[in-house]
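Asks: what follows is a protein structure lacking sequence information:
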């Protein structure tokens, strides 16, 4: 531990810690939050009632996340009916999508709602801890999220979220396990959502080397952002042919601030960029995934749906980090 630092403090919580709280009113009544903060300027909330996803995310008082007009909603209000997704989706810095479907509503062999059910499932065995690991003061949350169905699937995510007192990065480690005796079709996508003021007309997106496929007629510029436009449709881009490690970064030189997502591609070989420049739904998402850009039905027809074998696991490692200042931004982009 850092004894010289501790001599200057009454309580380490002056610089870094985790506070567990609960919302008292509104659509998110009784939702629990674990609020992380550190001396580097990171502040974010983990939502154990929603798959341990991230909601708020800021750096030195500047917001980086997109939060939808729905706000943080209780998972008890969830409906799998087609068309209900937009009524309930909270946004937030991370929404985990899957594990039975990613993309639009699917209906062959069951009801598979838009982006799946997993983000609406509360974690079990959730816990937080802070401790010294040598000179590093660690802040960590762990828990398990199980997606189950009688006579059918039992998939789980064991998730660890970690940062440290002086670090500008959050590390996610997920272990996804199939506890059933049968192989299980399995789709997963990490929906990282950036918003104003990091996102504005001055913002740009850069990615590691990849092949890019526009997914609709609106999609003609994955790099440059714009001011919000009333009624504008969304843009969507699909990135493939990544290396062993991939990265997407959004930066704003006027703010001298950027943020990146970096991940191992062994089990997340592709990613999507969702660019929605519509007024009031103004968001840029970077979405590492194991999918082919299609929902469960269409992916199965194309023979491109991932399968998790019986009693087996895969692991995903993802980083969400901050680039502070033009020098950090430019050096990072040069090394993509």
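Replies: Nice, I can see it. Quick caveat: nothing in here was measured; it's all calculated off a predicted structure.
Asks: for the residue nearest to the spatial centre of the chain, list each beta-bridge partner.
Replies: Nearest to the mean C-alpha position of the chain, counting by Cα atoms, centre = their mean, stands residue 94 at 2.7 Å. Taking DSSP bridges as the rule, residue 94 bridges to residue 54, residue 192.
Asks: wait, is residue 329 part of a helix?
Replies: Yes - under DSSP: H, G, I helix; E, B strand; the rest coil, residue 329 falls within a helix.
Asks: any regions of the stretch 51-200 of the chain where pLDDT drops low?
Replies: 78, 80-83 (pLDDT under 70).
Asks: now the nearest residue to residue 114 once chain neighbours are set aside. Its backbone dihedrals?
Replies: In space, residue 114 comes closest to residue 85 once its chain neighbours are excluded; the distance is 3.8 Å by Cβ to Cβ, 6 or more residues apart in numbering. No exception for glycine: its C-beta is placed from N, CA and C like everyone else's. Backbone torsions for residue 85, taken as degrees, to the nearest 10, come to phi -60, psi -50.
Asks: contact partners for residue 85?
Replies: Counting by Cβ atoms under 8 Å, 6 or more residues apart in numbering, residue 85 makes contact with 105, 113-115.
Asks: tell me the one of those residues nearest residue 41?
Replies: Closest approach to residue 41 among the contacts of residue 85 (Cβ to Cβ): residue 115, at 30.8 Å.
Asks: ok, the closest one - contacts?
Replies: Counted by Cβ under 8 Å, 6+ apart, residue 115 has contacts 85, 89, 95, 97-98, 101-103, 189, 191.
Asks: picking up where we left off before, if I look at the residue nearest to the centre of the chain, how far off is residue 296?
Replies: 21 Å (Cβ to Cβ, to the nearest Å).
Asks: swap in residue 333?
Replies: In terms of Cβ to Cβ, residue 333 sits 35 Å off from residue 296.
Asks: show me which of the two is the more surrounded one.
Replies: residue 296 (26 against 16; other Cβ atoms under 10 Å).
Asks: and the more buried one, how close does it get to residue 107?
Replies: From residue 296 to residue 107 the distance is 9 Å (Cβ to Cβ).
Asks: ditto for residue 63
Replies: Taking Cβ to Cβ, one finds residue 63 at 37 Å from residue 107.
Asks: ok, now residue 70?
Replies: 24 Å.
Asks: same thing with residue 164?
Replies: Taking Cβ to Cβ, one finds residue 164 at 45 Å from residue 107.
Asks: tell me which of these two has more neighbours.
Replies: Between residue 164 and residue 107, counted using other Cβ under 10 Å, residue 164 has the larger neighbour count: 22 against 13.
Asks: and the gap between that one and residue 192?
Replies: The value you get for residue 164 to residue 192, if Cβ to Cβ is used, is 20 Å.
Asks: contacting residues for residue 92?
Replies: When contacts are counted by Cβ under 8 Å, 6+ apart, residue 92 touches 47, 53-57, 65-67, 72, 193.
Asks: 10 Å - rerun?
Replies: Residue 92 makes contact with 44-45, 47, 50, 53-57, 65-68, 71-72, 119, 191-193, 195, according to Cβ atoms under 10 Å, 6 or more residues apart in numbering.
Asks: filter these down to the buried ones.
Replies: Buried members of the contacts of residue 92, scored by 16 or more other Cβ atoms under 10 Å, are 44-45, 47, 50, 53-57, 65-68, 72, 119, 191-193, 195.
Asks: now the host helix or strand of residue 140: buried residues?
Replies: Following DSSP states H and E, one finds residue 140 within strand 136-148. Neighbour-count burial for strand 136-148 flags 137-143, 145-147 (criterion: 16+ other Cβ under 10 Å).
Asks: go on, stretch 315-335?
Replies: 316-318, 320-324, 328-329, 332-333.
Asks: in strands, which of the residues you listed appear?
Replies: Counted as lying in strands by DSSP state E, out of the buried residues of stretch 315-335, are 316-318, 320-324.
Asks: return the member of those residues nearest to residue 210.
Replies: Of these, the one sitting nearest to residue 210 (Cβ to Cβ) turns out to be residue 318, at 16.6 Å.
Asks: hey, what's that closest one bridged with?
Replies: residue 172, residue 263.
Asks: that one touches residue 160, doesn't it?
Replies: No - with contacts counted by Cβ atoms under 10 Å, residue 318 stays clear of residue 160, the gap being 11.1 Å.
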